[in-house]
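# predicted model follows, preceded by the sequence.
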Amino acid sequence: MLRKAIRRKLQNYRVKLNEPDASLPFFLKERKTVAVIGGGIAGISAACNLSERGFDVQIFEKEHYVGGKVGSWQFESNGEQLRTEHGFHGFFRQYYNLRNFLKKIDAYKHLIPIDDYTIIFDKDKKQGFKGLDKTPVLNVLDLRKFGIVTWKTFINPLGMPFLNLLKFDFESTYKKFDAESFASFANRTMMNPKMRLVFNSFSRAFFAEPEDMSLAELIKSFHFYFLSNEDGLVYDVLDSDFQNSFISYCEDFLKNHDACINYSTPVTKLEKTAQGFNVNEQHFDYCVLCTDVKHTKKLMSASQGFETYAEILSKLTALKHSGRYAVLRLWTNRFESDPTLPFFIFTDRLKCLDSVTLYHKMEKESVDWSKEHDGGIFELHSYSVPKDLVTDEEVKTHLLREFYHYFPEMEGMKTCHEYFQHKDDFPAFHTNQYASRPEVKTGVPGFYLAGDWVKMDNCSMLMEAAYTSGAIAANYIMQAEGLRENQLESVPIKGIFA
Ligand SMILES: Cc1cc2nc3c(=O)[nH]c(=O)nc-3n(C[C@H](O)[C@H](O)[C@H](O)COP(=O)(O)OP(=O)(O)OC[C@H]3O[C@@H](n4cnc5c(N)ncnc54)[C@H](O)[C@@H]3O)c2cc1C
């Protein structure tokens with residue numbers, strides 16, 4: 001009965017974000033042009049949704065591949081042609097809109113489940129989440145069996161603030177907690193080490209140090225990933241590299257709907273005119289800006305014709321991006337000794353290393369390479385590189401040192417190939433950012449924003465936020481042209497006790 005009541009209160013774990021009017025037409029009758037700037041998931045989403053309806057869409061992408069942070073590209077190393085990506089990605093079950101899209105383009109069949117959400121700590125101890133009760137709230141109580149919470153957590157007056165974690169509500173959560181960091185909350189509530197370990201890894205998954213991570217964003221993420229649905233921390237991964245299992249399907253869909261992808265074409269000039277937009281010397285009726293925060297800020301600082309829209313312009317040019325993150329992929333001549341490890345493991349970082357991915361167990365091309373060369377492919381992530389590690393060499397040295405701490409059997413391995421990325425183009429989900437975060441609808445006629453950094457009134461995050469914001473931008477344009485919108489969904493917008 002309790003499970004049923006929770007399910008009822010949380011609206012069956014799925015809410016509709018809009019009510020498309022079925023009496024409106026599906027296809028556009030007259031020609032309308034749309035410039036989509038940036039070909040990450042957000043840009044792909046806007047472009048696919050609009051080209052399907054007959055809009056004349058052009059994507060402008062600065063790189064020679066599309067996909068953005070889920071892009072994949074080839075490189076040469078020691079005479080071999082290899083492929084790499086920005087890094088491991090988990091497709092959570094509550095990514096309703098992105099997963100519907102994967103079904104539509106026929107890429108869904110490439111998703112395979114991961115065994116467990118695992119964190120390793122104290123050198124060789126493992127914290128998994130398998131077997132947890134699936135019902136929200138009962139899953140939190142169930143964390144007792146791992147020592148993450150105890151009855152005292154909720155009874156102790158110092159622990160009372162933990163109840164706020166169960167009460168996500170846009171208005172009150174951001175008002176009360178956007179100015180406080182997760183680290184400050186953990187200190188003031190004397191959070192136990194196990195619980196801190198779990199939330200620290202959550203916070204780093206948003207590329208933020210616990211000292212910088214907005215507590216409100218963390219509460220939202222806990223709601224989205226754990227407390228608003230029965231899927232919990234279970235997720236899937238792609239069984240093959242991102243180009244073969246995801247991006248090529250998007251490209252085919254776009255080609256089949258006559259959209260044009262301009263590869264290696266950065267937009268250097270965006271101009272608002274009386275009739276629409278000039279993008280790299282071409283005129284468009286609509287523009288959807290889907291660049292990452294860092295490049296959005298740069299592009300909008302150099303844009304023209306937006307002077308009368310001072311508020312949105314100042315929000316866009318003041319956007320904050322993350323600190324540095326690093327991804328080191330290694331093709332080696334050895335394997336890890338524990339055969340029970342899942343494809344992806346969070347580590348309790350010593351200084352730098354946040355996660356390790358075992359590609360030789362996961363992606364088809366990596367499995368093939370591994371069999372042929374009798375070695376493993378490992379990817380080491382630091383989601384937030386400490387300030388005192390500056391050069392590539394320093395970061396790599398530390399990543400490897402910590403990798404050997406958790407995987408001592410790898411010490412002395414031969415590295416056949418490596419690919420290293422050291423970047424800072426992720427959104428900052430830091431304290432005090434929410435109020436000034438721009439929304440999909442900008443107030444500039446015909447100009448919309450999409451990306452994982454754009455503020456929405458639903459709880460989606462990361463890849464799901466990128467896809468959903470692109471689809472919302474497309475819906476606004478369909479609405480403006482009198483077309484039927486696409487149906488979008490989300491987990492419930494309010495927490496169970498909100
Ligand atoms: C290492 C790593 C691991 C991650 N793991 C996960 C995960 O497990 N689960 C999850 O859900 N999310 C994960 N994410 C986050 C996820 O990748 C992003 O949230 C999502 O892909 C963002 O998509 P986007 O379209 O908003 O932005 P982006 O992917 O950043 O796309 C922006 C695009 O704009 C292009 N661009 C920029 N400037 C210009 C310009 N001037 N002209 C033309 N083009 C331009 C860029 O080249 C890029 O293609 C991870 C990210 C990283 C880096």
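Good, I have the coordinates.
# does F224 really touch S460, like I thought?
Yes - using CB atoms under 8 Å, F224 is in contact with S460, at 6.8 Å. Any C-beta I mention is one placed from the backbone N, CA and C, and that applies to glycine too.
# get me the contact residues on the stretch 251-400 of the chain for the ligand.
P266, V267, C290, T291, D292, H295, L299, V327, H381 (CB under 6 Å from any ligand atom).
# of the residues you listed - the most surrounded one?
Per-residue neighbour counts (other CB atoms under 10 Å) across these peak at C290, which has 31 neighbours.
# out of the residues of the stretch 251-400 of the chain next to the ligand, which sit inside strands?
V327, H381 (DSSP state E).
# kindly reformat the residues of the stretch 251-400 of the chain next to the ligand as CSV containing distance to E372 and pLDDT.
Formatted as CSV, those follow (distance: CB to CB, whole Å; pLDDT from 0 to 100):
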residue, distance to E372, pLDDT
P266, 37, 98
V267, 41, 98
C290, 38, 98
T291, 39, 98
D292, 35, 97
H295, 38, 96
L299, 43, 96
V327, 24, 98
H381, 26, 97
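# need the max-distance pair from the residues of the stretch 251-400 of the chain next to the ligand.
With distances taken as CB to CB, the most widely separated pair in these is V267 and H381, at 29.4 Å.
# find the closest residue to the ligand in the stretch 301-450 of the chain.
Among the residues of the stretch 301-450 of the chain, V327 lies nearest to the ligand; the distance is 5.2 Å by CB to the nearest ligand atom.
# what packs against the longest helix seen in the chain?
Ranked by residue count, the top helix of the chain under DSSP state H comes out as helix 462-480. In terms of contact count using 3 or more CB pairs under 8 Å, 6 or more residues apart in numbering; DSSP states H and E, helix 462-480 is assigned the packing partners helix 41-51, helix 96-104, strand 286-289, strand 447-449.
# hang on, the earlier thing: what's opposite the residue of the stretch 301-450 of the chain closest to the ligand in the beta bridge?
H381, Q421 (DSSP bridges).
# got the domain boundaries for this structure?
2-69+242-321+438-490, 73-95+106-114+235-241+322-423, 131-227 (automatic domain parsing).
# just how off-centre is the first one within its chain?
If you compare the mean C-alpha spot of domain 2-69+242-321+438-490 with that of the full chain, they lie 16 Å apart, counting by CA atoms, centre = their mean, to the nearest Å.
# thinking again about what came up before, my read: the residue of the stretch 301-450 of the chain closest to the ligand touches H86, true?
Yes - between V327 and H86 there is a contact under CB under 8 Å: 6.6 Å.
# now do the shared contacts for those two.
Q421 (CB atoms under 8 Å, 6 or more residues apart in numbering).
# got the contact list for L218?
Counted by CB under 8 Å, 6+ apart, L218 has contacts F182, F199, F202, S203, F206.
# of those residues, closest to R7?
Nearest to R7 among the contacts of L218, with distances taken as CB to CB, is F202, at 24.2 Å.
# pLDDT score for that closest one?
Listed pLDDT for F202 reads 79.
# got a list of what it touches?
Taking CB under 8 Å, 6+ apart, we find F202 in contact with L218, S221, F222, Y225.
# and if you look at L143?
Here L143 is in contact with L132, V149 (criterion: CB under 8 Å, 6+ apart).
# that one and H64, how far apart?
45 Å (CB to CB, to the nearest Å).
# take the helices and strands packed on helix 462-480 and write them to a markdown table, including mean pLDDT.
Rendered in a markdown table, the data for the helices and strands packed on helix 462-480 read as follows (pLDDT from 0 to 100):
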| stretch | mean pLDDT |
| --- | --- |
| helix 41-51 | 98 |
| helix 96-104 | 98 |
| strand 286-289 | 98 |
| strand 447-449 | 98 |
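# switch these over to TSV; also include mean neighbour count.
Below are those laid out as TSV (neighbours: other CB atoms under 10 Å):
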stretch	mean neighbour count
helix 41-51	29
helix 96-104	20
strand 286-289	28
strand 447-449	25
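# and M1, which of these is closest to it?
Nearest to M1 among these is helix 96-104; the distance by CB to CB comes to 26.9 Å.
# mind listing what's buried in the helix or strand hosting H405?
Here H405 sits within helix 392-406, counting by DSSP states H and E. Of all the residues in helix 392-406, those buried under the rule 16 or more other CB atoms under 10 Å are V395, K396, H398, L399, L400, E402, F403, Y406.
# quick one: list the elements packing against that helix.
Short answer (3+ CB pairs under 8 Å, 6+ apart): helix 392-406 packs on strand 325-332, strand 377-382, strand 415-423.
# rewinding a little: ok, the contacts of L218 vs L50, which is closest?
F206 (29.2 Å).
# show me the contacts for S201.
By CB under 8 Å, 6+ apart, the neighbours of S201 are I119, F346, D348, D354.
# how close does the second one sit to F92?
Here the criterion is CB to CB. By it, F346 lies 15 Å from F92.
# I477 too?
I477 is 28 Å from F92, by CB to CB.
# the stretch 151-300 of the chain: strands as residue ranges?
For the stretch 151-300 of the chain, strands defined by DSSP state E, counting those that start in this stretch occupy the ranges 235-238, 260-262, 270-272, 277-279, 282-284, 286-289.
# please identify the most buried of those.
Highest mean neighbour count of these: strand 286-289, a mean of 28 (counted as mean count of other CB atoms under 10 Å).
# sheet partners, orientation included, of it?
Counting by DSSP bridges, strand 286-289 is paired with strand 33-37 (parallel), strand 447-449 (parallel).
# who's in contact with the residue in the stretch 51-200 of the chain that the ligand sits nearest to?
Of all residues in the stretch 51-200 of the chain, G68 sits closest to the ligand, at 2.2 Å by CB to the nearest ligand atom. Taking CB under 8 Å, 6+ apart, we find G68 in contact with G38, G39, G40, I41, A42, G43, H86, D292.
# any stretches of this protein with poor pLDDT?
Within the chain, the segments meeting pLDDT under 70 span 154-160.
# residue ranges for the strands of the stretch 1-150 of the chain, please.
Going by DSSP E, counting those that start in this stretch, the stretch 1-150 of the chain shows strands at 15-16, 33-37, 56-60, 72-77, 80-85, 91-92, 111-113, 118-121, 125-127.
# just name the most buried of the ones you listed.
strand 33-37 (a mean of 26).
# quick one: that strand to strand 56-60, angle?
20 degrees (axes from the mean of the first three to the mean of the last three CA atoms, to 10 degrees).
# what residues does strand 33-37 touch?
Under CB under 8 Å, 6+ apart, the answer for strand 33-37 is 43, 46-47, 50, 55-60, 267, 270, 276-277, 279, 282-291, 299, 477.
# the same query, at a cut-off of 6 Å, please.
Strand 33-37 has contacts (CB atoms under 6 Å, 6 or more residues apart in numbering) with 43, 46-47, 50, 55-60, 267, 279, 284-291.
# do it and the ligand meet at all?
Yes - contact of strand 33-37 with the ligand (CB under 6 Å from any ligand atom) involves I37.
# pull the CA atoms of that strand into PDB?
Extracted C-alpha coordinates of strand 33-37, given in PDB (Å, rounded to 0.1, in the frame of the first residue of the first chain):
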ATOM      1  CA  THR A  33      14.900  28.500 -42.400                       C
ATOM      2  CA  VAL A  34      16.500  27.700 -39.100                       C
ATOM      3  CA  ALA A  35      20.200  28.000 -38.100                       C
ATOM      4  CA  VAL A  36      21.200  25.600 -35.400                       C
ATOM      5  CA  ILE A  37      24.600  26.700 -34.000                       C
END
